[in-house]
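Student: Here is the input, now give the coordinates:
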Amino acid sequence: MTTVIYLTGAILALSALFLMAWIVARVYLRFRGTMLVTCPETSEPAAVEVDARHAAFTAPLGEPGLRLKSCSRWPESQGCSQECLNLIESGPKECLVRTILTKWYEGKSCIFCGKALGEINWLEQPAMMSPDRVTFEWKEIPAERVPEVIETHMPVCWNCHVAETFRRVHPELVLSRPSKRGGSHQKN
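Tutor: Numbering: from 1, shown residues only. Down below sits the predicted model:
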């Protein structure tokens, strides 16, 4: 009889531990990553990171305790009220820079080869081309500048970005030929 009680207690304890671990992991994944918000004080874009670990470990006790880990406006405004956390709490996934960029690339094609970008492979990150025809990876721009950049830049697939970067860095090694479709790349 005591074995059954111990076994039942162990199963209940393991179940509770599993449930807590699931809550911690879910909250951690929900609030990790660079997020883009409109700063309530300046009405300008700000890149922030929530202290995901703190949020995760406070979640089993009730609501996750949200606080900022970093902000692009710090250290100048480090003592702010962190009202932007209300925006993040209502829709953390929509605030993620990755989500914003994924939506921007949706349905777009590479400006060079015409390949549909489709679902984004974040290991071979898509790139962008600036108005002055320079390609770069999105991680090269500060997150708070993402809204202005996606208004003026064009999507580029990873392969064309690599080729165009090589063309820009080593123009002496590149011979431009007309493509099979009749167009040609212009030398920078």
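Student: Can you check what pLDDT the model gives the spatially most central residue of the chain?
Tutor: In the chain, the centroid-proximal residue (CA atoms, centre = their mean) is Arg98; its distance is 2.4 Å. pLDDT, Arg98: 87.
Student: tell me the domain ranges of this protein?
Tutor: For the chain, the structural domains run 1-95, 97-188, going by automatic domain parsing.
Student: weakest of the ones you listed in terms of mean pLDDT?
Tutor: The minimum mean pLDDT among the domains of the chain belongs to domain 97-188 (a mean of 84).
Student: in this structure, which spans are helices?
Tutor: Along the chain, counting by DSSP state H, helices occupy 2-31, 52-58, 84-90, 92-95, 97-105, 146-152, 158-169.
Student: Please name every helix or strand in contact with the first one.
Tutor: Under the contact criterion of 3 or more CB pairs under 8 Å, 6 or more residues apart in numbering; DSSP states H and E, the helices and strands touching helix 2-31 comprise helix 52-58, helix 92-95. (Glycine included, C-beta is placed from N, CA and C.)
Student: is it possible to export those to a markdown table including mean neighbour count?
Tutor: Putting the helices and strands packed on helix 2-31 into a markdown table (neighbours: other CB atoms under 10 Å) gives the following:
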| stretch | mean neighbour count |
| --- | --- |
| helix 52-58 | 19 |
| helix 92-95 | 17 |
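Student: Out of those, the one nearest Arg177 is which?
Tutor: helix 92-95 (44.4 Å; CB to CB).
Student: contact partners of that closest one?
Tutor: Residues external to helix 92-95 that are found in contact with it (CB atoms under 8 Å, 6 or more residues apart in numbering): 30-31, 35-37, 50, 87-88, 99-100.
Student: Looking at those, which is nearest Ser43?
Tutor: Val37 (10.9 Å).
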